[in-house]
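Engineer: Need a 3D model of the sequence below.
(chains A, B, C and D, ligands or ions: 6)
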Amino acid sequence: MENLGGTCALVAKDFESDQAIKWCPGCGDYVIIKAVQKALADLGLSKEETVFVAGIGCSSRFPYYMDTYGFHTIHGRGAAVATGVKIANPKLSVWLASGDGDSMAIGGNHFIHSIRRNVDMNVILFNNEIYGLTKGQYSPTSKRGIVTKSSPHGTIEDPFSPGELALGSGSNFFARVPDSNIKLLTEVFVASEKHRGLSLVEVLQNCVIFNDKVHEHITSKETRDDNQLILQHGEAMIFGKEKNKGLVLDGLSLKVVTIGENGVSESDILVHDATTENKTLHIMLASMKGPDFPIAMGVIRNVAAPTYDNSLHEQIKSQAGKFSSLDEMFMSGNVFEVK
Amino acid sequence: MENLGGTCALVAKDFESDQAIKWCPGCGDYVIIKAVQKALADLGLSKEETVFVAGIGCSSRFPYYMDTYGFHTIHGRGAAVATGVKIANPKLSVWLASGDGDSMAIGGNHFIHSIRRNVDMNVILFNNEIYGLTKGQYSPTSKRGIVTKSSPHGTIEDPFSPGELALGSGSNFFARVPDSNIKLLTEVFVASEKHRGLSLVEVLQNCVIFNDKVHEHITSKETRDDNQLILQHGEAMIFGKEKNKGLVLDGLSLKVVTIGENGVSESDILVHDATTENKTLHIMLASMKGPDFPIAMGVIRNVAAPTYDNSLHEQIKSQAGKFSSLDEMFMSGNVFEVK
Amino acid sequence: MNKESVVIKFAGDSGDGMQLAGSLFTDARAMWGNQIATFPDYPSEIRAPAGTVAGISGFQINIGSKGVNSPGDAPDVLVAMNPAALKANIHNLPPACTIITDRDAFTKNSIEKAGFKTDPFEDNSLSDFKVIAAPITSLTKKSLAHLGLDNKSIMRCKNMFTLGILYWLFGEPLDQTLAFFDHKFKKDPTIAEANKIALQTGCNYGENVDAVVSSMTIAPAKKTPGTYRNITGNQATAWGLLAAAEKVGRGLFLGTYPITPATDIFHELTKHKWNGIKIFQAEDEIAGICSAIGASFAGNLAVTTTSGPGMALKTEAIGLAVMTELPLVIVNVQRGGPSTGLPTKTEQSDLQQALYGRNGESPLVVISASTPADCFDWAFEAARIAVEHMTPVILLTESYIANGAEPMKIQKMADLPKIDVPNESDRENWAPYKRDAETLVRKWIEPGTKDFQHRIGGLEGEDVTGNVSYVPENHGKMIKLRADKIKRVADRIPLQRYKGKNADDLLVVGWGGQFGIVLGAVLRLQEEGKNIAFTSFNYIHPLPKNTEEIFSKFKQIVVCELNNGQFANYLRGQFPHIKFKQYNRVEGLPFKIKDLKAKFNELLESK
Amino acid sequence: MNKESVVIKFAGDSGDGMQLAGSLFTDARAMWGNQIATFPDYPSEIRAPAGTVAGISGFQINIGSKGVNSPGDAPDVLVAMNPAALKANIHNLPPACTIITDRDAFTKNSIEKAGFKTDPFEDNSLSDFKVIAAPITSLTKKSLAHLGLDNKSIMRCKNMFTLGILYWLFGEPLDQTLAFFDHKFKKDPTIAEANKIALQTGCNYGENVDAVVSSMTIAPAKKTPGTYRNITGNQATAWGLLAAAEKVGRGLFLGTYPITPATDIFHELTKHKWNGIKIFQAEDEIAGICSAIGASFAGNLAVTTTSGPGMALKTEAIGLAVMTELPLVIVNVQRGGPSTGLPTKTEQSDLQQALYGRNGESPLVVISASTPADCFDWAFEAARIAVEHMTPVILLTESYIANGAEPMKIQKMADLPKIDVPNESDRENWAPYKRDAETLVRKWIEPGTKDFQHRIGGLEGEDVTGNVSYVPENHGKMIKLRADKIKRVADRIPLQRYKGKNADDLLVVGWGGQFGIVLGAVLRLQEEGKNIAFTSFNYIHPLPKNTEEIFSKFKQIVVCELNNGQFANYLRGQFPHIKFKQYNRVEGLPFKIKDLKAKFNELLESK
Ligand SMILES: Cc1ncc(C[n+]2csc(CCOP(=O)(O)OP(=O)(O)O)c2C)c(N)n1
Ligand SMILES: Cc1ncc(C[n+]2csc(CCOP(=O)(O)OP(=O)(O)O)c2C)c(N)n1
Ligand code: SF4
Ligand code: SF4
Ligand SMILES: [Mg+2]
Ligand SMILES: [Mg+2]
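Structural biologist: Ligands and ions are numbered 1, 2, ... in the order given. You can find the predicted model right below:
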């Protein structure tokens, strides 16, 4: 294999594989893959050093559509496979595409442990609050009461909040994005790849067939400005159609205020610090729910911490030289000669 | 089987089975089982309506030593088995005995899901920060850097904080107790059983063989008063040998202050509210770490919420009468006669 | 034309409503009294790209007055809603086949997208067939124009127009289906009206315009008198479990996790909470089975349902159920493997996994169902054995019968056998692992029962007491007891039967859901006067007691299965001195009668 | 007394340091040139109650100048540190056995706790044996009194006092062991001194005081010249993997989760980070194997290690490795089953699980090791086959050889065979599932390699391209290709050998870690002039090509295994026309030579 020399920057389209995409027309996954391809190009990553791993689910077909290395594994185990890939070859940029069922139901254990270990990889959580591929059963992120094929009388369990679960597991990078905002998606994917350690990006994804419009109140043109708070590190937490609403602290709770009302001015509004170790506010932001609060979007937490793969390779280095060869090691200790 | 009439209240000893206990002399598990037996007696529970389920591990031998119904299942799956027991017969008082490896390593998924669903059971997490039964490998709660049989050069991963993981999973009852305080243990077990829904009690347990004294700085006679904050609902968060230290809020962080110094008086100290829905302070308390902070003990969170088992049986009731019998159901819809 | 049986295949895009059209036709014919067998075949993508062969969804029905043992090899009538649907099936059409298709759908574009090089209407490739090329799209539009519906809703009625043509072809009265629309679209009378008009117009179209094919009639089948309904294997499995639970009388618990093609059992059961059943959608397959084991310990009839990869995850827990000797029904609706494999296709390749896929010596009972309707009986039987013998029972069905449908005679609860629950009330003489002398079965105590507190677990237990024991001799004894207990299940199951004369040359052996097809092939050869017999196994482990006796009557034995010979291999282990030949296909599809006949003829000649 | 081989068993409480005493004695005898085989046997509780039979930990050693194929059936010398240790072993002592015991430990209390009804020193029950009842506790105390140690530290030296007696008995020089103490307790010279004194005093005690038994000497064994070391099976497995990884040249990855009795492989490997190996302690067995599959995809030689219940959890992922045709070594150190079973005991009952425990048709390679030392070779061979044939390989060892030790001749890396990695550099002619014409092996590309980007997965893939395919014929073809690829592994493994003459009556067949014991039994019968031969299988699937040829030479074949006949059943499926008899034990213990001899004699006579 020959590198013909000359690096020629890739564009988003270069990351498309030759396989026809088989998602339903209108599925939110289409925008997500476009954004990922754009982000890879923006990051200047090469095809061969990029690996997409996935579990099983509609969203987990992702690797087939990317002209990179790819592994469509088994249901829920993508995070464990990706961990092995990254440890084996830390030079690779490792991405995991996984549904809410794949990561939060059957794959829950690997999800929390890979976050805890802080393996350097980018996890894209396609949260459509439903099992798409198996045709519409409720998932661990489905809202209480939802009627689905497997809950004809409504569910009786509260969902996980992916951000809260991740932060409870020790997450250092958590972001949330709606599938409708390709610009923010791209931005967040770029940030996630730049972050060393496990970066979790929850995408609010629409499944047109089995859970259509589940995120509509957050993402629709009419309501999105009022129902989304797009966080930017170092900027005030302001939102609303008129950009006049903001968040302030009220004891240990958040409060929505209107700038210009009740003497509130812009400088009273909380400023987002994604990089602070203290996770209290990050948890509060991640757990904000409508209708009283906007949904926090963008990078909520982005904190530097040692990565598992790096520490592992450091530890290997620190042990180097203990023996000069296997032959030497085999001969060390209690050996004896037979003549 | 005949009930000879007359309820004769049971004492702790009545809950001991006829099997010889095989834990190592000095193992923290001995105190825990005593406290559980005491709590059962205090609660007035009967032997036959109490079920102990466990996974695999030293601690998971627990059911054999209790004269109740008991099930020593397989590694990590106790929570799932207990869920089935409780749903099948909600009248039973269901307890799960599980180690840090059993619940937080292999059993992590069932751990977070049973918390999320809020199945009414009492989970005792024996946290000795080590795999005891397999003779001393580090566990997901072992502190970074610990040297064990499986980490001769020290571990390179941060542990889970059981309380933070549980609260991130939606926990409504979380308590922490050292294995050395039988009174507090008993109190907390009683509270845990009284709480409807999943109650998680983390016991800081000493493994004399493979991780001796890991909690020593928290539990030793000399240091415990300064290093433990024993929370009581409705009471101020005061601790210290001289009962003159307390916690106050400093923005979104906690701060240790001394009563009588810098103008701090007892009324400035935070008062513990275990029952508030807002989990911000509960998370902050659960995540306090030494040496700057005391370790929070007692019931940290105790919030009422619908239980899974109850909702399930309510839903069953709501469906009653749709058909009067299976025969009727079989004959409903498109049937046809062949003569 | 009066026929004994006809195979009809509906094919179209996932959005074309072929499954519904197929079901309605099936229901109508079943009412008329035909024998029916159906076989849906859909792509594994939710909505694969419209108009491509990969996106075609199919539904095959065999209806007849006799001899309907399978959905049939190849269609006599093909409904192809577009070029891709034609393309996907054309290689499998017998010469005289009738094709009903939408002439409007054959645009240059769509012909290309389907992968045809040239227009099949123009290149002579349809000349072997009788073609009804109705302008379905335009006629449906025209007939519904007055209703003021949007285009999408109108297009959704094309399937009913097509069904109308089919009703005409078979001389099927429309009333029942018209009534169905009124019921189904109660809330939207315009849509009901639209469907009714489309059906009627399609039927008229057949009568008025097209004279190429003569209509077909099929006499009603001779059936045991009774009340019937069409049912899929998955639905029948669910109902069998419901019936068994009522006989056991301790409540039904299902712990499961969705997986194709088993999920419909779960979907069906969850509708029946009115009956008091407890349904738990678990976080994964392991929690599914473990919750069921917990429920079984707590005294419920417990069930877990899955398919191959999910089964793999359950094997550790199955071992626990073996060790603790708790009743448990494990349903594996087999699909194409290995690994994720072919999730929507059929196969019989999980047999070895069921028999052997656990650590240690862990014997249990394995049974299988033969047809969609008898899934009811075998699910019931699985539960009976589980409870009466205190053991996990694996019930193997397969995609082919799980999704296929046929008429089922509805049984009265009172007529179903009773299930003997190993209850115990004598505390004095009881111990957790004390056994019935004859069956070696231990008792099933419900927690909550006073004075019967006891502990069980996955460590080896002492004989009788169940206390943990590391004594070598005890382990040897328990290993033997567990094995013998399962062997003795054979004392309480019926003897194996076979169809054919004793002096026959060739015994065809099958198992599970390929029953109907293999039977069909054998019956035809018997009609041709060949010396051939057939036996199909439902009890797999243990085998019926007379199995060896049957085998020894025949000169040649051939075992037919959709795998590489798993049952044949198992039989070799059981009956080392008997010779078994094999016939195997592993293509994700059911057998074909013509292939089986060819194989059997070859064996008969080679003798 | 000059003996060919002697079996010694150390037995005491877990805290008595029996494993250390045993190891020191083993090392000393190995240096002297004896053949050695050891077998530790410990309770499954960490520290079961002291002084009870359940808490007794054992370590058995067989040392000899020839014919040491196993740790032996029963001890010639028993070291019993207390009444419970005596009680646990007394039923298994041959008449002339020498017992070394601590007279001080036989208090009324402890005699009762051990479960003796009366004091064995007084009720005549020791009269068959030669007893050295030394006052070990008091003499150890006395001899160390001057050192100023606490009581606990003094009591810890009792094992060395006892060892001293043993050294005297075998005329073993003390120097090496004394030097060992200096090294081991470098940091604590007083402790070193104490151990040295205890050893010396014990030896003196033998020499001076006790004249009942004569001392024993064993000549050095005749061995291939070379450098040796004592090694356990688990350690040897780890080293074999290290060696193979160096030959593969792409780095070693271990993904694992602790489980008895496999954990020591992990413990051993994790010490060798200096060699660049990557060790991942996963959250569970599933993550263990899945991380290994990821590492294999990324180009590393990947390994996962476990025991039965962990194996059950890995079966779904093994199917993925089969489907994606990635190299992977899966080590199962078998223990007693089913379920949690007998975690510290030995068994061979996971063979069927290895062969069949997956959904779908998923063929892979299964091999096994025979002795502690040859675990090195078989681990190496597992890796070679995995890489050269792009397949998961299951290596079965068992508790008995995994924890047992014997001297291993140290091999030079340069002398080990090379491993051919299926690399590819020709992009033009490459495709993910393009195969070598002869072996059917696909290429192993490392992600990071430019222009070789590709995607693999668990869905059925198209021949050559690997693109997802639902085409029935393709599935059939792939099923066959995967099976054939594994069959062709037999082209590249050595032929099976056997020990015996062609005209022999009885062929004894074994497999795995019971090799030494079965061999021992056969050799003795051969010495007695019996017509008996022996063959033990390491390659289990596929079998060596001449297997059938060997089998057909013998009148009778008996398959011996520690399960209910799993290998025998497998052989019946492979060779339907050959008759296999069985000899099985499932008691958590290795075979005993005397039982085997009895069985073989019975067969030889019954012919
Ligand atoms: C072991 C196993 N269990 C179950 C399944 C069936 N299954 C496939 S995908 C899926 C869930 C899909 O939901 P999600 O992960 O949210 O992905 P989506 O399809 O919604 O993108 C399930 C249950 C499987 N393939 N393997
Ligand atoms: C499937 C399976 N994997 C691994 C094991 C081995 N194993 C038994 S207990 C245990 C961990 C014990 O640690 P913990 O749960 O913390 O309990 P402790 O012994 O410390 O009380 C392990 C790894 C097992 N029995 N089963
Ligand atoms: S079913 Fe839903 S998630 Fe799956 S491809 Fe279709 S729209 Fe997307
Ligand atoms: S090993 Fe540790 S946890 Fe286990 S019984 Fe002994 S002291 Fe307790
Ligand atoms: Mg989803
Ligand atoms: Mg532990």
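Engineer: contacts, neighbours, all on C-alpha from now
Structural biologist: Will do.
Engineer: Tell me, how many residues neighbour the closest residue to ligand 3 within the stretch 101-250 of chain A?
Structural biologist: Closest approach between the stretch 101-250 of chain A and ligand 3, counting by CA to the nearest ligand atom: A:C207, at 3.6 Å. Per other CA atoms under 10 Å in any protein chain shown, the neighbour tally for A:C207 reads 26.
Engineer: Distance of it relative to C:D264?
Structural biologist: A:C207 is 21 Å from C:D264, where distance means CA to CA, to the nearest Å.
Engineer: Show me where chain A has its strands.
Structural biologist: Counting by DSSP state E, chain A has strands at residues A:50-54, A:69-72, A:93-99, A:122-127, A:173-178, A:199-204, A:228-231, A:238-239, A:245-250, A:253-258, A:295-302, A:335-338.
Engineer: what's the least confident stretch among those?
Structural biologist: When the strands of chain A are ranked by mean pLDDT, strand A:335-338 comes last with a mean of 86.
Engineer: For it, buried residues please.
Structural biologist: Across strand A:335-338, burial judged by 16 or more other CA atoms under 10 Å in any protein chain shown covers A:V335, A:F336, A:V338.
Engineer: Go through those residues and say which is closest to B:M237.
Structural biologist: Nearest to B:M237 out of the buried residues of strand A:335-338 is A:V335 (CA to CA; 62.2 Å).
Engineer: which ones are touching A:L204?
Structural biologist: Listed by CA atoms under 8 Å, 6 or more residues apart in numbering or on different chains, the contact partners of A:L204 are A:F126, A:N127, A:N128, A:R176, A:V177, A:P178, A:D179, A:H215.
Engineer: 10 Å instead, please
Structural biologist: A:28, A:125-129, A:176-180, A:214-216, A:218-219, A:297 (CA atoms under 10 Å, 6 or more residues apart in numbering or on different chains).
Engineer: which residues of the stretch 151-300 of chain A score low on pLDDT?
Structural biologist: Within the stretch 151-300 of chain A, the set of residues satisfying pLDDT under 70 is empty.
Engineer: Closest residue of it to ligand 2?
Structural biologist: Closest contact between the stretch 151-300 of chain A and ligand 2, by CA to the nearest ligand atom, is at A:S169 (18.1 Å).
Engineer: quick one, what contacts that residue?
Structural biologist: For A:S169, the contacting residues are A:111-117, A:163, B:159-162, B:164-169, by CA under 10 Å, 6+ apart.
Engineer: Kindly provide the distance from it to D:P95.
Structural biologist: In terms of CA to CA, A:S169 sits 63 Å off from D:P95.
Engineer: same deal with A:D212?
Structural biologist: Per CA to CA, A:D212 is found 82 Å from D:P95.
Engineer: Give me the nearest residue to C:F452, chain neighbours excluded.
Structural biologist: Closest residue to C:F452 apart from its sequence neighbours, by CA to CA, 6 or more residues apart in numbering or on different chains: C:R427 at 6.8 Å.
Engineer: what about the longest helix seen in chain A, distance to the chain center?
Structural biologist: Using DSSP state H to define each element, chain A has its longest helix at helix A:29-43. Relative to the mean C-alpha coordinate of its chain, helix A:29-43 is positioned 14 Å out (CA atoms, centre = their mean, to the nearest Å).
Engineer: could you give the mean pLDDT of it?
Structural biologist: Across helix A:29-43, the per-residue pLDDT values average to 98.
Engineer: angle of it against strand A:93-99?
Structural biologist: Using axes from the mean of the first three to the mean of the last three CA atoms, to 10 degrees, the direction of helix A:29-43 lies 170 degrees away from that of strand A:93-99.
Engineer: Between strand A:50-54 and helix A:29-43, find me the angle.
Structural biologist: Here helix A:29-43 runs at an angle of 160 degrees relative to strand A:50-54 (the same axes, to 10 degrees).
Engineer: who touches C:S339 in this structure?
Structural biologist: Neighbour list for C:S339: A:73-74, C:308-309, C:312, D:315-324, D:358-362, D:457-460 [criterion: CA under 10 Å, 6+ apart].
Engineer: before we move on, what about C:Q353?
Structural biologist: Taking CA under 10 Å, 6+ apart, one finds C:308, C:311-312, C:315, C:566, D:315, D:352-353, D:355-361 in contact with C:Q353.
Engineer: can we see that at 6 Å?
Structural biologist: For C:Q353, the contact set (CA atoms under 6 Å, 6 or more residues apart in numbering or on different chains) comprises D:Y356, D:G357, D:R358, D:N359.
Engineer: CSV please, covering those residues and showing pLDDT and neighbour count.
Structural biologist: Conversion of those to CSV gives the following (pLDDT from 0 to 100; neighbours: other CA atoms under 10 Å in any protein chain shown):
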residue, pLDDT, neighbour count
D:Y356, 98, 24
D:G357, 97, 30
D:R358, 98, 35
D:N359, 98, 32
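Engineer: and those near chain C, which?
Structural biologist: Among those, the residues lying close to chain C (CA under 6 Å from any CA of the partner chain) are D:Y356, D:G357, D:R358, D:N359.
Engineer: With adjacent residues omitted, what lies nearest to the second one?
Structural biologist: Think D:G357. C:G357 (3.7 Å).
Engineer: quick one: that neighbour and chain A, what's the gap?
Structural biologist: Computed with CA to the nearest CA, to the nearest Å, the distance linking C:G357 and chain A is 19 Å.
Engineer: my guess is that residue meets D:N359, correct?
Structural biologist: No: when contacts are counted by CA atoms under 6 Å, C:G357 is not listed as touching D:N359 (8.8 Å).
Engineer: got the residue ranges for the helices in chain A?
Structural biologist: A:29-43, A:78-88, A:100-101, A:108-117, A:162-168, A:182-194, A:216-219, A:224-227, A:280-286, A:308-319, A:326-331.
Engineer: what would those look like in CSV with distance to ligand 4?
Structural biologist: Shown next, in CSV, are the helices of chain A (distance: least, CA to the nearest ligand atom, whole Å):
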stretch, distance to ligand 4
helix A:29-43, 48
helix A:78-88, 28
helix A:100-101, 35
helix A:108-117, 23
helix A:162-168, 26
helix A:182-194, 41
helix A:216-219, 50
helix A:224-227, 51
helix A:280-286, 34
helix A:308-319, 28
helix A:326-331, 32
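Engineer: Of all those helices, which one is nearest B:A39?
Structural biologist: When the helices of chain A are compared by CA to CA, helix A:162-168 sits nearest B:A39, at 30.2 Å.
Engineer: helices or strands up against the closest one?
Structural biologist: Judged by 3 or more CA pairs under 6 Å, 6 or more residues apart in numbering or on different chains; DSSP states H and E, helix A:162-168 is in contact with helix B:162-168.
Engineer: mind redoing it with 8 Å?
Structural biologist: Packing partners of helix A:162-168 (3 or more CA pairs under 8 Å, 6 or more residues apart in numbering or on different chains; DSSP states H and E): helix A:108-117, strand A:173-178, helix A:280-286, helix B:162-168.
Engineer: Could I get the CA-only coordinates of the third one as PDB?
Structural biologist: Provided in PDB are the C-alpha atoms of helix A:280-286 (Å, rounded to 0.1, in the frame of the first residue of the first chain):
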ATOM      1  CA  THR A 280     -23.700  20.600  40.500                       C
ATOM      2  CA  LEU A 281     -24.900  23.200  37.900                       C
ATOM      3  CA  HIS A 282     -24.200  20.800  35.100                       C
ATOM      4  CA  ILE A 283     -26.600  18.300  36.600                       C
ATOM      5  CA  MET A 284     -29.200  21.000  37.200                       C
ATOM      6  CA  LEU A 285     -28.900  22.000  33.600                       C
ATOM      7  CA  ALA A 286     -29.000  18.500  32.200                       C
END
